[in-house]
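[1] Pasting a predicted model and its sequence here:
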Amino acid sequence: MISRLKHIFRLSFQVYWQKKWRLISVAIVLSLGIAAIFMLLSIGNTVRLEIIRRFQAEGADLFTVLKRPGESRKVAPNQTNILSLDFIDWFHQDNNPILELAPEKKLNLTVQYQTVEFSAPIVGSTEDYAKVNELKLRAGRFLTPYDAGLSRCVIGQRVARRLQREPAELLGETLHLGPLAFQIVGILRPSRGFQSEYSINESILIPFRTMVQFTNDSEINKISIKTDPKYSIGELNDFIHAKLTLFLGDASNYEVTNQQVFIETIRNQTGQLSLYLGIAGCFLFLAGTFLFIQMMAWSVRERRKIFNLYRIFGVPVHFIHWQIFLETIGIGVMIGGIGILVGLWGMQLITNTFDWVLSIALPAYFIAWGSIFLLTPLIGYFSILQYDQTRLNMMLQMEP
């Protein structure tokens, strides 16, 4: 009996192997459909937890002053000053609801260390940068006021990994950023800190005054502001706007934004992504289902002579039914597993791109597997009907 079963399934395998590209095309299309549905169900949970995490980590008391896109090299009509470190010093003179201010100036440079070379964001800021963004150290120290104008740097976690040395061994080493040599004084812990155009884990921090000397440009393009949570968002927003206008004369080139705006941006981004995933998932799932049905119908037709031999050797019809049914289930489970793995990889790619925390909701697994275990029995049932119809037609043809 066991040898007969082995022979039967070996013959079935040979049939699928002869047209393996048909099976591969079904697997690709249907698994991508399942992956898209899996990601669609997972991305909502990931964004929801990311919003909660962002508020817990940064709160609603973090504001950002940004020069508007397209205005980076323009001066407003009535602007009398540029946004520089003088603004930071002047801001701190009054008793106000602002706790910390961290200016930023960024550029991308080639980083060289011994035989290692790569490009990374270089961020010029002050000692308050670590306080505002709640960064933690793995080794060494943060930048201090005494580092202003000096060639000192603090490197992100992924930068340290690229240098292929232990963190303690990197302290005091020389890192070449473009044409200048910097001494490493600190290494950051992994951080998912804040919404920005760069990841702090892949960046190198240097003193703001050193960046000014290097670029010969003292203008600040971004300021992160930690505020007193006792004040309302409206009061804080008006206060920062008033200070900017008083210092600059005309602050129309700058915008003040808050964590709520960042969160709205995240929702807009994921809303569009969800729409595309939903459309792609439905189309691919339906197309994959159609191809799956066609493949099983072809498989039954190809093996009608084999199934007739089964009947000659006394194999009951219900055994052939179960074989077709289990083949369909097996192929479906394989495709479902591939689809979920692709979905997990896609979610990992999205969360790494946006520097979010990956979170997969259990319903994503249940619905992905549920769709497979609902679909494949139906396809198996129709395949059995196809076999019965083929057998009936052959019997009618044999009648005199």
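    All right, it came through fine.
[2] where are the low-confidence patches of the stretch 101-250 of the chain?
    By pLDDT under 70, the weakly predicted segments of the stretch 101-250 of the chain are 192-197.
[3] Tell me where it has strands.
    Ranges of strands in the stretch 101-250 of the chain, per DSSP state E, counting those that start in this stretch, are 116-125, 137-140, 152-155, 174-177, 180-188, 204-207, 222-227.
[4] what's the third one packed up against?
    Translated: strand 152-155. Counting contacts by 3 or more C-beta pairs under 8 Å, 6 or more residues apart in numbering; DSSP states H and E, strand 152-155 is packed against strand 174-177, strand 180-188, strand 204-207. C-betas here are computed from N, CA, C, even on glycine.
[5] Let's have those strands in TSV, adding distance to A361 and mean neighbour count.
    TSV is the format used below for the helices and strands packed on strand 152-155 (distance: least, C-beta to C-beta, whole Å; neighbours: other C-beta atoms under 10 Å):
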stretch	distance to A361	mean neighbour count
strand 174-177	42	18
strand 180-188	31	20
strand 204-207	36	24
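[6] any chance of the ones you listed in CSV, with distance to L150 too?
    CSV is the format used below for the helices and strands packed on strand 152-155 (distance: least, C-beta to C-beta, whole Å):
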stretch, distance to L150
strand 174-177, 13
strand 180-188, 8
strand 204-207, 6
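[7] Can you say which of the ones you listed is nearest to I338?
    strand 180-188 (37.5 Å; C-beta to C-beta).
[8] Check what contacts the closest one and list those residues.
    Residues outside strand 180-188 that contact it (C-beta atoms under 8 Å, 6 or more residues apart in numbering) are 135-143, 147, 151-157, 160, 167, 170-176, 200-201, 204, 206, 214.
[9] quick one on the thing from earlier: a markdown table please, covering the strands of the stretch 101-250 of the chain and showing distance to V357.
    Putting these into a markdown table (distance: least, C-beta to C-beta, whole Å) gives the following:
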| stretch | distance to V357 |
| --- | --- |
| strand 116-125 | 21 |
| strand 137-140 | 19 |
| strand 152-155 | 23 |
| strand 174-177 | 30 |
| strand 180-188 | 18 |
| strand 204-207 | 23 |
| strand 222-227 | 21 |
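[10] among the ones you listed, which is nearest A27?
    Proximity to A27 (C-beta to C-beta) singles out strand 116-125 among these, at 37.1 Å.
[11] Quick check: closest non-adjacent residue to R152.
    Counting by C-beta to C-beta, 6 or more residues apart in numbering, V185 is the residue found nearest to R152 once chain neighbours are left out, at 5.0 Å.
[12] Against I225, how distant is that neighbour?
    In this view, V185 and I225 are 25 Å apart by C-beta to C-beta, to the nearest Å.
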